[in-house]
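Peer 1: fold the stuff below for me.
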Amino acid sequence: MIKVTSKVNINNMQLKQLERAALTALEKTAEVLHTEVVQAQVVPRRDGALQGEQFFIDYSKSSKGKVSLVHATPYARRMYFHPEYKFHKGPWVDNKGNHDGNPNARGKWYEPWISGKEKDFCRNAFQKLFKRAGDV
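Peer 2: Numbering: from 1, shown residues only. Reported below is the predicted structural model:
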């Protein structure tokens, strides 16, 4: 019979640093995705609310590992889940003189990042940001 002993030393300071790095990387990943979605011009736009001031990142649960991109308009859900709508692809001028419209507007505008050609975007962004923030 062989007797084996081992001793494990946990570096709590290093663990805390990695936890902070993961939180930072999560929040920055959401910011990068937010920017990516806006630049892709896929969100339907008329007055700019759905993609502008009513489109933000909710960090309230980031300490639990969750951030959300929010479209805080009463019609956002309807627009997202009805790709059959004929979205105006602009440009056009409203009665306030605003020039709006996104050339790639569509329903289910997150699909490229969920299951399409950009499906690894968030994972890759998080990995880069975590390495940078964690200095690993």
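Peer 1: low-confidence stretches in this structure?
Peer 2: Within the chain, the stretches with pLDDT under 70 are 90-100, 136.
Peer 1: what about the helices in it?
Peer 2: When assigned using DSSP state H, the helices of the chain occupy the ranges 12-40, 76-80, 111-114, 121-134.
Peer 1: residue 27 reaches residue 62, doesn't it?
Peer 2: Yes: the pair residue 27 / residue 62 is scored as a contact, 5.5 Å apart, by Cβ atoms under 8 Å. The C-beta positions use only the backbone N, C-alpha and C, and glycine is treated the same way.
Peer 1: now the helices of the chain in a markdown table, with distance to residue 54 and mean neighbour count?
Peer 2: Formatted as a markdown table, these follow (distance: least, Cβ to Cβ, whole Å; neighbours: other Cβ atoms under 10 Å):
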| stretch | distance to residue 54 | mean neighbour count |
| --- | --- | --- |
| helix 12-40 | 13 | 15 |
| helix 76-80 | 8 | 15 |
| helix 111-114 | 20 | 16 |
| helix 121-134 | 22 | 16 |
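Peer 1: in JSON lines: these, plus distance to residue 87.
Peer 2: Shown next, in JSON lines, are the helices of the chain (distance: least, Cβ to Cβ, whole Å):
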{"stretch": "helix 12-40", "distance to residue 87": "14"}
{"stretch": "helix 76-80", "distance to residue 87": "8"}
{"stretch": "helix 111-114", "distance to residue 87": "14"}
{"stretch": "helix 121-134", "distance to residue 87": "23"}
